[in-house]
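[1] just a sequence and a predicted model for now, questions to come.
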Amino acid sequence: MIICLGSKNPVKLKALKTGAIDFFEGKKIEFKNFEVPSLVSDQPIGLEETIKGASNRAMNAFKNTQCFIGCGIESGIFKDPLENIYYNTTVCAFYNGQKIFNGIGPAFRLPDKTADYLINDKMELDEAVQKSGYTMNKRIGYSEGLIGILSNGKVDRMKYTVPAVQMALISFINDL
């Protein structure tokens with residue numbers, strides 16, 4: 001079974017492997033990853049755009065080889081409907097050539113200054129985190145992520161992404 005990921009991000013690939021191995025226990029799985037377009041903003045805003053980006057990545061990854069299933073993982077931000085605060089979440093989508101299977105992971109509150117850079121200055125999260133003074137790492141999304149910084153290393157981006165993969169796999173294995 002070949003699972004194709006629509007990203008070259010090593011953190012996303014590790015999260016996919018971690019989540020999928022549990023769900024396909026005993027099956028031989030080969031993972032391939034490709035850089036594919038999400039066809040949404042570099043920094044998706046709103047759940048709709050984040051889901052669309054993950055779905056597009058899954059469908060575009062599926063086209064690249066003889067995949068059993070394509071996978072897309074997209075992080076985005078959304079506004080709390082009751083307060084003027086923003087959260088970060090991750091969406092995972094699987095595509096089997098006919099149907100999309102989505103899962104949404106946990107969400108954490110963004111620092112106000114970081115959210116302001118994302119919304120008002122149209123920055124991507126890596127840049128906003130750096131400008132907010134949390135790190136000098138220009139590719140924080142390829143390492144511990146903002147969640148790793150805010151949790152003092154208790155949760156890193158890979159661990160944070162696995163639940164989105166698992167939720168999408170629940171949809172997939174149950175054909176929901």
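    The structure has been received and is ready for your questions.
[2] list the contacts of Thr114.
    125, 128-129, 132, 134, 146 (Cβ atoms under 8 Å, 6 or more residues apart in numbering). Using the backbone N, CA and C atoms, a C-beta is placed for each residue, glycine as well.
[3] what does Thr90 give?
    73-76, 104-105, 160-161, 164.
[4] among those, which ones are in strands?
    73-76, 104-105 (DSSP state E).
[5] let me know the closest of those to Pro37.
    Glu74 (11.5 Å; Cβ to Cβ).
[6] out of the contacts of Thr90, which is nearest to Ile29?
    Ile73 (16.4 Å).
[7] run a quick neighbour tally on Ser143.
    Number of residues near Ser143 (other Cβ atoms under 10 Å) recorded here: 15.
[8] roughly how far does it sit from Lys113?
    Distance, Ser143 to Lys113, using Cβ to Cβ, to the nearest Å: 21 Å.
[9] residues contacting the closest residue to Val155 other than its chain neighbours?
    Distances taken as Cβ to Cβ, 6 or more residues apart in numbering put Ile147 closest to Val155, at 5.3 Å, once the chain neighbours are dropped. Residues near Ile147 by Cβ under 8 Å, 6+ apart: 88, 108, 155-157, 160.
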